[in-house]
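Participant: prediction below, plus the sequence it came from.
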Amino acid sequence: MKYIFLRLTIIVLSVFALVTTADAAGIKSGEIWPDTDGTHINAHGGGILLHNNTYYWFGEHKADNTSSALVGVMCYSSPDLQTWTCHGPALQVTDETGHDIERGCVLERPKVIYNATTGKFVMWFHLELKGKGYSAARAAVAVADRPEGPYTYIRSGRVNPGIYPADMTEEQKAAANALNRNDYKEWWTPEWREAIKKGLFLQRDLEGGQMSRDMTLYVDDDGKAYHIYSSEDNLTLQIAELTDDYTAHTGRYVRMAPGEQNEAPAIFKKDGTYWMITSGCTGWDPNEARMYSAPSIEGPWMRHPNPCIGPKAELTFGGQSTYILKRPDSDEFIFMADIWRPKHPSDARYIWLPIEFSDEGKPVIRWRDEWAPKDGSH
Ligand code: DGJ
C-alpha cells in the first residue's frame, strides 16, 4: 500500500514537473510547435499583426504532400507570442473553376496590415494561378472587418503596369527602352547581368505590370504602407507604395538591389534606419541570409554581411526569412524564418530568434536553442 502511494506521488510530481516545464518553456526553433489543441501550427511564410493587445499570426496552410494551396491562409492568435489558438482559415481557396484562388493554386507569404482610417484588415499575398507553375507572378489582395477574417478576395495582378520606377531618370528609362532582349538570350553572362541592372526585365514587363513573387508589407510611422516583392524574375526587389486604404498600388515604386537575386524580404526600422533581411534564390533549400540598410524606405540601400551567428549560420540556420516583428511594447525585434520541408510541407518548422544589436548598431541574429520573448504591455 505504502509502495503504491509512493509510486502515485512520484507520478503526480512528474506530471506536475512536466506541465510546469512546458509552461516555462519558451521558443524552440526547429521543433514541433503545438497550438492550444496540440496540433503543429500550420502558418508558413507568414507574418504577425498586433491588434488590441493580441498577436495574430497569418501564414500559408501547407498540406501533407503538396505545396499547392488546398486550404488557404491560416490565422492563429496569442497574448504572449507563445500560446497560439487556431482560428482556422482566414482566407479560403475556392472550388470555382478558373477563379484566381482556385484550390490548387500557389498562395504564398501572406501578410496582414490594419488600416485605421477604413477600419479594415488588409491581406496581401503572392499568387500563382492553378496549373501555371510560377509564371503568373501576381500580387493578390483581400480584406476583412476582423483580424481573424473571413477575408473577402478582391483581385490579383502584376504591379503598376505602364509605369517606370520613381528612381529612374529619363536617361535611364531611355537606356532601358533601348535594350533588345534578342541580344541577351544567354543568361548569367556579365553583359546579361549589366542589362538586368539597367532594366531588361523591367522593360519587358512594363506594359503588363511588374512580376511579384516573395513579398512582405511594411507600414511606416506616417501610416504609409509599402509592398516589397521579388520582381523581374526574382532578380530585383521592388518597393511599391500602397494607396491610403492599402488595397492598391499608387504607381510609385523603386527598385532595390538590381540583379542581386533576393527572395523572402523581411523589414524593420530602428532609430531611423531601415533594415532588410532577405535570402538568395535556391528554391526550398536554405542559403545565406543577406542584410541591407537604408536611411529611407526608398533607399539608397547598402549591403552588409550575413547577420547570423551560430550553427548553420551560413544557411540561415536551415531556414529562410519571412518576417521581422517589431514589438511596440518592448525594445524587442524578432526574426522569423521557415525551415521548409517540400516532401512533407505541413511538417515545415519555424525559426524565431531575437535580434541583438552590435556596438555599431548592426543587427545580429544569434542561434538560441530556447528563449522567451520579453514580457510586454503590448
Ligand atoms: C522560395 C520562396 O521563398 C518560397 O516562398 C517558395 O516560393 C519557394 N521558393 C518555391 O520553390
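Facilitator: Perfect, I can see it now.
Participant: dump stretch 200-214 to PDB, keeping only the CA atoms.
Facilitator: Provided in PDB are the C-alpha atoms of stretch 200-214 (Å, rounded to 0.1, in the frame of the first residue of the first chain):
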ATOM      1  CA  LEU A 200      16.000  44.500 -69.300                       C
ATOM      2  CA  PHE A 201      13.100  42.600 -67.500                       C
ATOM      3  CA  LEU A 202      11.600  45.800 -66.000                       C
ATOM      4  CA  GLN A 203      11.200  47.000 -69.600                       C
ATOM      5  CA  ARG A 204      10.000  43.600 -70.800                       C
ATOM      6  CA  ASP A 205       7.200  43.700 -68.200                       C
ATOM      7  CA  LEU A 206       6.400  47.400 -68.300                       C
ATOM      8  CA  GLU A 207       3.200  47.100 -70.300                       C
ATOM      9  CA  GLY A 208       1.600  44.200 -68.400                       C
ATOM     10  CA  GLY A 209       3.000  45.200 -65.000                       C
ATOM     11  CA  GLN A 210       5.900  44.100 -62.800                       C
ATOM     12  CA  MET A 211       6.200  40.500 -61.600                       C
ATOM     13  CA  SER A 212       5.500  40.000 -57.900                       C
ATOM     14  CA  ARG A 213       6.600  36.800 -56.000                       C
ATOM     15  CA  ASP A 214       8.000  36.600 -52.500                       C
END
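Participant: what sits up against that stretch?
Facilitator: 108-109, 126, 134, 137-139, 157-165, 176-177, 179, 181, 184, 192, 227, 229-236, 238, 253, 255, 263-265 (Cβ atoms under 8 Å, 6 or more residues apart in numbering). C-beta coordinates here come from the backbone N, C-alpha and C atoms, glycine included.
Participant: within reach of the ligand, which of those residues are there?
Facilitator: Subset of the contacts of stretch 200-214 in contact with the ligand: 108, 109, 263, 264, counting by Cβ under 6 Å from any ligand atom.
Participant: so can I have JSON lines of the residues you listed showing distance to residue 120, secondary structure and neighbour count?
Facilitator: Putting those into JSON lines (distance: Cβ to Cβ, whole Å; DSSP: H, G, I helix; E, B strand; the rest coil; neighbours: other Cβ atoms under 10 Å) gives the following:
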{"residue": "108", "distance to residue 120": "22", "secondary structure": "strand", "neighbour count": "21"}
{"residue": "109", "distance to residue 120": "20", "secondary structure": "strand", "neighbour count": "27"}
{"residue": "263", "distance to residue 120": "28", "secondary structure": "strand", "neighbour count": "22"}
{"residue": "264", "distance to residue 120": "27", "secondary structure": "strand", "neighbour count": "27"}
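Participant: which residues in the stretch 251-378 of the chain form strands?
Facilitator: 263-270, 273-279, 290-294, 302-304, 308-309, 320-326, 333-339, 349-357, 363-366 (DSSP state E, counting those that start in this stretch).
Participant: if you compare those strands, which one is most tucked away?
Facilitator: Stretch with highest mean neighbour count among the strands of the stretch 251-378 of the chain: strand 320-326 (a mean of 25; mean count of other Cβ atoms under 10 Å).
Participant: what's the mean pLDDT across it?
Facilitator: Averaged across strand 320-326, pLDDT comes to 98.
Participant: same check, this time on stretch 266-281
Facilitator: On average, stretch 266-281 scores 98.
Participant: what pLDDT is listed against residue 5?
Facilitator: Listed pLDDT for residue 5 reads 44.
Participant: do the one 5 residues further on as well
Facilitator: According to the predicted model, the pLDDT of residue 10 comes to 38.
Participant: just residue 131 next, same as before
Facilitator: Residue 131 is assigned 98 on the pLDDT scale.
Participant: could you find the closest non-adjacent residue to it?
Facilitator: Leaving aside its chain neighbours, residue 131 sits nearest to residue 104 (7.3 Å; criterion: Cβ to Cβ, 6 or more residues apart in numbering).
Participant: quick check: that neighbour is in a strand.
Facilitator: No. Assigned with DSSP: H, G, I helix; E, B strand; the rest coil, residue 104 falls outside any strand and is coil.
Participant: okay but it is in contact with residue 71, surely?
Facilitator: No. Applying Cβ atoms under 8 Å, one finds residue 104 not in contact with residue 71, separated by 11.1 Å.
Participant: which among the contacts of stretch 200-214 count as buried?
Facilitator: Neighbour-count burial (16 or more other Cβ atoms under 10 Å) applied to these gives 108-109, 126, 137-139, 157-160, 163-165, 176, 179, 184, 192, 227, 229-236, 238, 253, 255, 263-265.
Participant: among the residues you listed, which are in strands?
Facilitator: If you go by DSSP state E, these have 108-109, 126, 138-139, 157, 227, 229-231, 236, 238, 253, 255, 263-265 in strands.
Participant: quick one, what contacts residue 64?
Facilitator: Here residue 64 is in contact with 344, 345, 346, 347 (criterion: Cβ under 8 Å, 6+ apart).
Participant: swap in 10 Å and give it another go.
Facilitator: With contacts taken as Cβ atoms under 10 Å, 6 or more residues apart in numbering, residue 64 has the following neighbours: 70, 343, 344, 345, 346, 347.
Participant: cool, and residue 374?
Facilitator: Residue 374 touches 81, 327, 329, 330, 331, 332, 334, 354, counting by Cβ under 10 Å, 6+ apart.
Participant: now render these as TSV, adding distance to residue 320.
Facilitator: Below are the contacts of residue 374 laid out as TSV (distance: Cβ to Cβ, whole Å):
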residue	distance to residue 320
81	20
327	22
329	28
330	26
331	26
332	22
334	16
354	18
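Participant: which ChimeraX command selects the buried ones in those residues?
Facilitator: Of those, the buried ones go into a single ChimeraX selection, burial set by 16+ other Cβ under 10 Å:
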select :81,327,334,354
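Participant: how about the contacts made by residue 76?
Facilitator: By Cβ under 10 Å, 6+ apart, residue 76 lies in contact with 33, 35-36, 41-43, 46, 48, 55-59, 83-88, 90, 148.
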